[in-house]
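>>> Quick one: sequence plus predicted model below, questions after.
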Amino acid sequence: MKPHKNVKIVATLGPASNDYDMIRALFEAGADVFRLNMSHGSHDEIRARHQIIRQIEADLDQPIAILADLQGPKLRCGVFSGDSEELIEGQAFRFDLDPADGDASRVCLPHTEIFAALHPGATLLVNDGKLRLRVEACGPDFADCTVINGGTISNRKGVNVPDVVLPLAALSEKDKADLEFVCELGVDWVALSFVQRAADVEEARHLVNGRAAVLSKIEKPAAVSAFHDILAVSDGIMVARGDLGVELPVQNVPAIQKRLVRSCRAAAKPVIVATQMLESMIESPVPTRAEVSDVATAIYEGADAVMLSAESAAGAYPVQAVTTMCNVALEIEADSTYREVIEASRGASSPGVAGGIVAAAREIAETADIKAICCFTHSGTTALLTARERPRVPIMAVTPFDRIARRLCLTWGVTCVVSEEVDRFKEAVVNAVRAALNGGFATKDDQIVIMAGVPFNVPGTTNILRVAPCDERQIYRSEPE
């Protein structure tokens, strides 16, 4: 039986995890969400992986979330006549629009948007920040720089501009084509790269048109500065620490991660911590102690999910990587310190009737002998509010909609159950009890908390909280119609 943990695991698929048996093994080892990286793989390959996931979902009768991660604009330099050059600290170097092959003094940077945004004193980073250059003078078609940190610059290396907001849309033409493809395919989440401002997310939401939830990747300093506006228009957040660590001093990233995770939790929106979590397991069956501590830190902070990238997509030990991450989660969540940290960081309850009810459900579950909290939800909002409370007992989200159940697979602590629509409260109670019994969360001698809304099947009407026995005979004797 798949281990029950609160934090969710996002596993990226790729050449190492490309068939039914491997993807099923990843799911059974603890993966909850599968990431399709649109930077790698053709549409045919993406479609094939999507079909395999949906087949596994049907075979196991458990909802599985699929996240499509868009590539975003890629800023790269041109090519060199000798394929690469050594840049020495203190030397002058120019970027320009001349398409001729580069040399030790210059190279093409075919992005007019960068030149339009640069100013003297701005920083240019090349090859994941290994080379750092300071702009001394610039114009609409050039930037004269001084090399601050030298090294090898080679063909088509990535260029980052951390000091300015670039006049670039987050969605390239490739991204728009990919976005339409994955929405028609039926993915549950779309991750948006190169987000700098809330308007980038709003453009994507318009194109998605409700067909998937939109998750914003925070990977640029501009996104950190505009985070609260971005969060307000996003369904979820990914803390993409790789690019953040390139464009910001690395010592800044842990504090930013903590702030973003807490803000997402306060807003009842899922947050993924990503990048280099178990990177050594690309080649080794055992992670480093530092990597285990890194995963543990994200779990202690209350992140909804932690993510594997190349470890599961291209590594030699994909199942072991998921298993390791799952084992770390189980161990941390069993630690008394974990509950202390989670509860100390709990904010005030969300305003409104639904917010009050989910807070009361958590209080009851923690002060009485309650085995699970079950919420009936049409939009997923009640489940998100319940997860925001980080209760000590499991959360079951019962919904008549596959797409809502799949989206909630990314949410902390939530087990999703797809059920037929009900129109009477007694039916809701019976369905909740059966779900708790079938899921192994309770026995017939236990009680669960049930939340629902009357009238049924109307989003946003959560207004009932009921403590119910898990013995159906008692329900039929005592429950009103």
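The structure has been received and is ready for your questions.
>>> Any regions of the stretch 351-481 of the chain where pLDDT drops low?
457, 460, 474-481 (pLDDT under 70).
>>> all helices of it, in order?
Using DSSP state H, counting those that start in this stretch, the helices of the stretch 351-481 of the chain run over 353-367, 381-388, 402-407, 425-438, 472-478.
>>> and L133, which of those is closest to it?
Within the helices of the stretch 351-481 of the chain, the stretch nearest L133 is helix 402-407; the backing value is 42.7 Å (Cβ to Cβ). In this view, the C-beta of every residue, glycine as well, is placed from N, C-alpha and C.
>>> follow-up on the earlier one: which stretch among the helices of the stretch 351-481 of the chain comes nearest R49?
For the helices of the stretch 351-481 of the chain, the distance to R49 is smallest for helix 402-407, at 15.3 Å, taking Cβ to Cβ.
>>> Quick one, which of the helices of the stretch 351-481 of the chain gets closest to D103.
Of all the helices of the stretch 351-481 of the chain, helix 402-407 comes closest under Cβ to Cβ, at 51.3 Å.
>>> Of all the residues in the closest one, which ones are buried?
Across helix 402-407, burial judged by 16 or more other Cβ atoms under 10 Å covers 403-407.
>>> Looking at the helices of the stretch 351-481 of the chain, which one is packed in the most?
For those, the largest average neighbour count (mean count of other Cβ atoms under 10 Å) is found in helix 381-388, namely a mean of 26.
>>> orientation of it relative to helix 353-367 in degrees?
Relative orientation of helix 381-388 versus helix 353-367 (axes from the mean of the first three to the mean of the last three Cα atoms, to 10 degrees): 40 degrees.
>>> Who are the packing partners of helix 381-388?
Helix 381-388 makes packing contacts with helix 353-367, strand 370-376, strand 395-399, strand 414-418, strand 447-453 when contacts are defined by 3 or more Cβ pairs under 8 Å, 6 or more residues apart in numbering; DSSP states H and E.
>>> domain parsing for the chain?
With domains defined by automatic domain parsing, the chain comprises 8-72+170-342, 84-160, 353-478.
>>> which one of those lies closest to K2?
Nearest of those to K2, taken as Cβ to Cβ: domain 8-72+170-342 at 5.7 Å.
>>> what about stretch 231-251, how long is it end to end?
In stretch 231-251, first residue to last residue: 23 Å (Cα to Cα, to the nearest Å).
>>> Could you pull out the buried residues of it?
Using 16+ other Cβ under 10 Å as the burial criterion, the residues of stretch 231-251 that qualify are 231, 233-241, 243-248.
>>> Contact partners for R134?
R134 sits next to 121-124, 145-146, 148 when contact means Cβ atoms under 8 Å, 6 or more residues apart in numbering.
>>> quick one on the thing from earlier: out of the buried residues of stretch 231-251, which are inside helices?
Assigned to helices by DSSP state H, the following of these qualify: 231, 241, 243-247.
>>> quick one: which of the residues you listed is nearest to R434?
Checking those against R434 with Cβ to Cβ, the nearest one is L231 at 36.7 Å.
>>> Looking at the contacts of R134, which are in strands?
123-124, 145-146, 148 (DSSP state E).
>>> Of the residues you listed, just the buried ones, ChimeraX syntax please.
Those of the ones in strands among the contacts of R134 that count as buried under 16+ other Cβ under 10 Å are selected in ChimeraX with:
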select :123,124,145
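>>> Just the closest of the ones in strands among the contacts of R134 to A348, please.
Once Cβ to Cβ is applied, the member of the ones in strands among the contacts of R134 that ends up nearest A348 is T123, at 40.2 Å.
>>> I figured the closest one was touching L131, is that so?
No. T123 is beyond contact range of L131, at 10.7 Å (criterion: Cβ atoms under 8 Å).
>>> Any regions of this structure where pLDDT drops low?
Along the chain, segments meeting pLDDT under 70 span 1, 457, 460, 474-481.
>>> which residues in the stretch 101-250 of the chain form strands?
Along the stretch 101-250 of the chain, counting by DSSP state E, counting those that start in this stretch, strands occupy 106-108, 123-126, 131-139, 142-149, 151-154, 159-160, 189-192, 213-218, 236-240.
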